[in-house]
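Novice: Any chance you can model this:
(one chain, ligands or ions: 2)
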Amino acid sequence: MAKELVHADRASKEMVKRAAEQEQETVWDRYEKMQPQCGFGNMGICCRICSMGPCRIDPFGEGTQTGICGANADTIVARNLIRMIAGGAAAHSDHGRDIAHTLLMAATDPNSDYEIKDPVKLRKVAEVYDIAIKGRDDKEIAVDLARACLAEFGKSEGEVTMASTAPEARQKVWRDLGVFPRAVDREIVEIMHRTHIGVDCDYKNLIRHGMRASLADGWGGSMVATEVSDILFGSPNPLRSCANLGVLKEDTVNLIVHGHEPTFSDVLALVSQKQELIDKAKAAGAAGGLTVGGICCTANEILMRHGFPVIGSFLQQELAIMTGAVELMVVDVQCIMPSLSELSMAYHTKLITISPKAKIPGAEHIEFKEDKAVEIATQIIELSIENFANRKKKDVYIPDDKEDMVAGFTTESVFQFLGGKYRGTYRPLNDGIISGRLRGAAGVVGCSNPNIDFEEGHIKMVKELLANDVLVVTTGCNAVSCGKHGLLRPEAAMKYAGKGLQEICETVGIPPVLHLGSCVDNSRILRVLANIVAEGGLGEDISDLPGAGAAPEWMSEKAVSIGFYFVASGVYTIIGHPLPVEGSEAVMKYITDEIEEEVGGKWAFELDPVKAAHKMIDHIDKKRQALKLKPPMYEQAYPFAV
Ligand code: SF4
Ligand code: MSK
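Specialist: Ligands and ions are numbered 1, 2, ... in the order given. This is a model prediction of the structure:
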């Protein structure tokens, strides 16, 4: 059975022990069984792109050094790597395209269940696309905007319009290198073409195109997903909520939404508040009514906009079902473990898929249609209520563990907050960095992975950054981990932050770690960086800023695309386990060193999260020196705090 978790939250530790006692298999057990994992795969040197193969390169330099077609390790590693970018960019961007479709429907269908909830943002984004605003109503503008956003994906000429919001200097870097993104689908298709047998075999040329596709994701597909979600579902504002398995209640019908997209979950969250459904739940024997919470980034979507609680992150999806207290789990797309099907059958949990893109054998499929959103949400809530009768008391075990948190920050809201009397300006943030009260800022994001002790990477890294006066912004599963460990509470500043960061958090009343949303909302971090540059005093480009990015427990292809769009935007980006490139010294050297000359950012790999935090801090200090800023105001007070 799986090894014990050491650094995870208490609820997860308890549930993993309980799973072992009950002989229920988890992701950690399957990880152990999979050892040793394939070394060729880990190093990126196996190729099965054509049927002359599969081929593999001998990593010790003794056996074969090329595939049957003659491709060497550099080509094979680079091709595999950018195919990961294609997968990740496709996932984010398909999400963005669907949201743009929903906007078009909201603007054209008079019976739509969707409406425009943020008309201010509608107008702001419309300006980016040069759409006429004056004298036009929301729906007229929204039709044009939805069409312009849809064109970001499929147009065969021109460039990704949203990328024109990057700093001028950054756009020049992309143009000089020939990587300014054109259209999302085009860049992804071109990855698949270039990596077909016998096309591009120059590793640098391949990786540069990978960067172009990742930029189409970050400054295109993901940014469209975030901006249009804000327009449709409302821009988040700071709010209080809580996280962890202890959110589930014995006396309520418990319904979990899991996956990534807000289109369905936002409607379900609102419908779940109808009194008649709460009454139905009570009539079914659940005295407390109905609890709706989320897992993975769907959780972040309904948390950010409505304050619904987070049940857990990626690695907790199985543990939630094992509480025996989940009547229904409804899943859309991405990060949904196929294991949920068999596991839910061992309990009374009903597993429902709703996306035609993501069916799971054994799960019930209720296809989501946007023109019947409320009807389908109601049907699914009613199914969860009906299933309460099947809950087996003997199976129920809910760990008594949940943590309060503040979430709901955005590019706009957080710095209005920080602005205080200078509302709506980044000046106080820039001044905080210039004066050295804040040493810099870091984005710590991403998944969890059983190849690292659960949450050791996230929590140790974030605490170390805070202790060194680095403000942290977070998204995705890192945000959930920070929430569960109490780092998203304003009081966390007094406990974990250095003196300078404490002073800022205390004055403004914010947590030292700011939750900016789901995976696609990493685009909010790009926007924050662009706004800091625009505010002035910290250089001309994102690569000048005293900042860094990290995904200490990364797992998905989306993380690879995100990492590349940060690197290509000029950000030093560090992850725990290396990308699968160790089979090519040339590729390794290029992406961790030479690429900095080209784009100002680079990759770094470091498994020890405290050491990784210090590499980020060193980079921040290097940038402070280059900008001729004063040294940090307070020398680090808590060396290696964790
Ligand atoms: Fe082998 Fe080349 Fe075919 Fe890859 S593309 S499987 S290296 S022959
Ligand atoms: S859910 S991509 S495990 S962050 Fe966005 Fe979490 Fe990573 Fe999925």
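
Novice: residues from this structure in reach of ligand 2?
Specialist: Proximity of the chain to ligand 2 is confined to 260, 296-297, 313-314, 335, 446-447, 476-477, 518-519, 555-556, 558 under the rule CB under 6 Å from any ligand atom. For every residue, glycine as well, the C-beta is placed using N, CA and C.

Novice: Now flag whichever of the residues you listed is closest to Lys622.
Specialist: Gly446 (23.6 Å; CB to CB).

Novice: So that closest one versus Cys38, what's the distance?
Specialist: Using CB to CB, to the nearest Å, we find Gly446 at a distance of 23 Å from Cys38.

Novice: Ser156 too?
Specialist: The gap separating Ser156 from Cys38 is 39 Å, by CB to CB.

Novice: residue ranges for the helices of the stretch 451-600 of the chain, please.
Specialist: In the stretch 451-600 of the chain, the helices defined using DSSP state H, counting those that start in this stretch lie at 456-467, 476-484, 492-496, 499-508, 522-535, 557-568, 585-589, 595-599.

Novice: which other helices and strands contact the last one?
Specialist: Same thing as helix 595-599. Secondary-structure packing of helix 595-599 (3 or more CB pairs under 8 Å, 6 or more residues apart in numbering; DSSP states H and E): helix 168-177, helix 203-216, helix 557-568.

Novice: in the protein, which helix or strand is least confident?
Specialist: Within the chain, confidence by mean pLDDT, DSSP states H and E is lowest for helix 411-419 among all helices and strands, at a mean of 73.

Novice: Tell me the helix or strand right after that one.
Specialist: helix 427-435 (DSSP states H and E).

Novice: Using PDB, write down the CA coordinates of that following helix.
Specialist: This file holds the C-alpha atoms of helix 427-435, laid out as PDB (Å, rounded to 0.1, in the frame of the first residue of the first chain):
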ATOM      1  CA  ARG A 427       1.500  52.700  -8.200                       C
ATOM      2  CA  PRO A 428       1.500  51.500  -4.600                       C
ATOM      3  CA  LEU A 429       2.500  48.000  -5.700                       C
ATOM      4  CA  ASN A 430       5.300  49.400  -7.900                       C
ATOM      5  CA  ASP A 431       6.400  51.700  -5.100                       C
ATOM      6  CA  GLY A 432       6.400  48.900  -2.600                       C
ATOM      7  CA  ILE A 433       8.800  47.000  -4.800                       C
ATOM      8  CA  ILE A 434      10.900  50.100  -5.700                       C
ATOM      9  CA  SER A 435      11.300  51.000  -2.000                       C
END
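
Novice: buried residues in that helix?
Specialist: By 16 or more other CB atoms under 10 Å, the buried positions in helix 427-435 come out as 427-430, 432-434.

Novice: Of those residues, which is the nearest to ligand 1?
Specialist: Nearest to ligand 1 among those: Ile433, at 47.4 Å, using CB to the nearest ligand atom.

Novice: can you tell me which residues contact the closest one?
Specialist: Counting by CB atoms under 8 Å, 6 or more residues apart in numbering, Ile433 touches 439-441, 538, 546, 629.

Novice: OK, contacts around the spatially closest residue to Met43 that is not a sequence neighbour?
Specialist: Excluding the flanking residues, the one nearest Met43 by CB to CB, 6 or more residues apart in numbering is Gly583, at 3.4 Å. Going by CB under 8 Å, 6+ apart, Gly583 touches 40, 43-45, 57, 59, 73, 76-77.

Novice: again with Arg208
Specialist: 177-179, 598.

Novice: tell me what the longest helix seen in the chain is packed against?
Specialist: The helix that spans the most residues within the chain, counting by DSSP state H, is helix 73-108. Packing partners of helix 73-108 (3+ CB pairs under 8 Å, 6+ apart): strand 46-47, helix 138-154, helix 184-194, helix 203-216, helix 222-233, helix 262-271, helix 557-568, helix 585-589.

Novice: Just send these back as a markdown table, with mean pLDDT too.
Specialist: Shown next, in a markdown table, are the helices and strands packed on helix 73-108 (pLDDT from 0 to 100):
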| stretch | mean pLDDT |
| --- | --- |
| strand 46-47 | 98 |
| helix 138-154 | 97 |
| helix 184-194 | 98 |
| helix 203-216 | 98 |
| helix 222-233 | 97 |
| helix 262-271 | 96 |
| helix 557-568 | 98 |
| helix 585-589 | 98 |
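
Novice: Out of these, which is closest to His619?
Specialist: helix 557-568 (12.5 Å).

Novice: Point out the most buried one among the helices of the stretch 451-600 of the chain.
Specialist: Among the helices of the stretch 451-600 of the chain, helix 476-484 has the highest mean neighbour count (mean count of other CB atoms under 10 Å), at a mean of 33.

Novice: Could you export that helix as PDB, CA atoms only?
Specialist: The C-alpha trace of helix 476-484 is given here as PDB (Å, rounded to 0.1, in the frame of the first residue of the first chain):
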ATOM      1  CA  GLY A 476      -5.100  26.200  -9.800                       C
ATOM      2  CA  CYS A 477      -4.300  23.400  -7.400                       C
ATOM      3  CA  ASN A 478      -1.500  25.400  -5.700                       C
ATOM      4  CA  ALA A 479      -4.200  27.900  -4.700                       C
ATOM      5  CA  VAL A 480      -6.300  25.100  -3.100                       C
ATOM      6  CA  SER A 481      -3.300  23.800  -1.200                       C
ATOM      7  CA  CYS A 482      -2.500  27.300   0.000                       C
ATOM      8  CA  GLY A 483      -6.100  27.600   1.100                       C
ATOM      9  CA  LYS A 484      -6.100  24.300   3.000                       C
END
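
Novice: other SSEs contacting it?
Specialist: Using 3+ CB pairs under 8 Å, 6+ apart as the test, helix 476-484 ends up in contact with strand 239-243, helix 296-306, strand 310-312, strand 403-407, helix 456-467, strand 513-515.

Novice: Now do it: everything it contacts.
Specialist: Contacts of helix 476-484 with the rest of the structure, by CB under 8 Å, 6+ apart, involve 9, 11, 242-244, 296-297, 299-300, 310, 312-315, 403, 405, 407, 444-448, 455, 458-459, 462, 472, 474, 488, 513, 515-519, 522, 551-553.

Novice: how near is the spatially closest residue to Gly294 that is not a sequence neighbour to Ile381?
Specialist: If the residues on either side of it in the chain are set aside, Gly294 comes closest to Val257, at 4.9 Å by CB to CB, 6+ apart. Distance, Val257 to Ile381, by CB to CB: 11 Å.

Novice: rewinding a little: quick one: which of Gly446 and Cys38 has more around it?
Specialist: Per other CB atoms under 10 Å, whichever of Gly446 and Cys38 has more neighbours is Gly446, with 32 against 10.

Novice: follow-up on the earlier one: just the residues of the chain next to ligand 2 that are near ligand 1?
Specialist: Of the residues of the chain next to ligand 2, not one also sits near ligand 1 (CB under 6 Å from any ligand atom).

Novice: farthest pair in these?
Specialist: Within the residues of the chain next to ligand 2, Ser518 and Met555 form the most distant pair, 15.3 Å apart (CB to CB).

Novice: Of these two, give the one with the bigger neighbour count.
Specialist: For Ser518 versus Met555, the count of surrounding residues by other CB under 10 Å is larger for Ser518: 28 against 20.

Novice: can you list the weak-confidence ranges in the stretch 301-450 of the chain?
Specialist: For the stretch 301-450 of the chain, the stretches with pLDDT under 70 are 415-424.

Novice: If we look just around ligand 1, which residues of the stretch 101-250 of the chain are in range?
Specialist: Ile197.

Novice: Point me to the residue of the stretch 101-250 of the chain nearest ligand 2.
Specialist: Closest point on the stretch 101-250 of the chain to ligand 2, by CB to the nearest ligand atom, is Ser222, at 11.4 Å.

Novice: Let's have the contacts of Ile433 in a markdown table, adding distance to Lys495.
Specialist: Formatted as a markdown table, the contacts of Ile433 follow (distance: CB to CB, whole Å):
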| residue | distance to Lys495 |
| --- | --- |
| Arg439 | 18 |
| Gly440 | 21 |
| Ala441 | 20 |
| Leu538 | 29 |
| Pro546 | 24 |
| Leu629 | 27 |
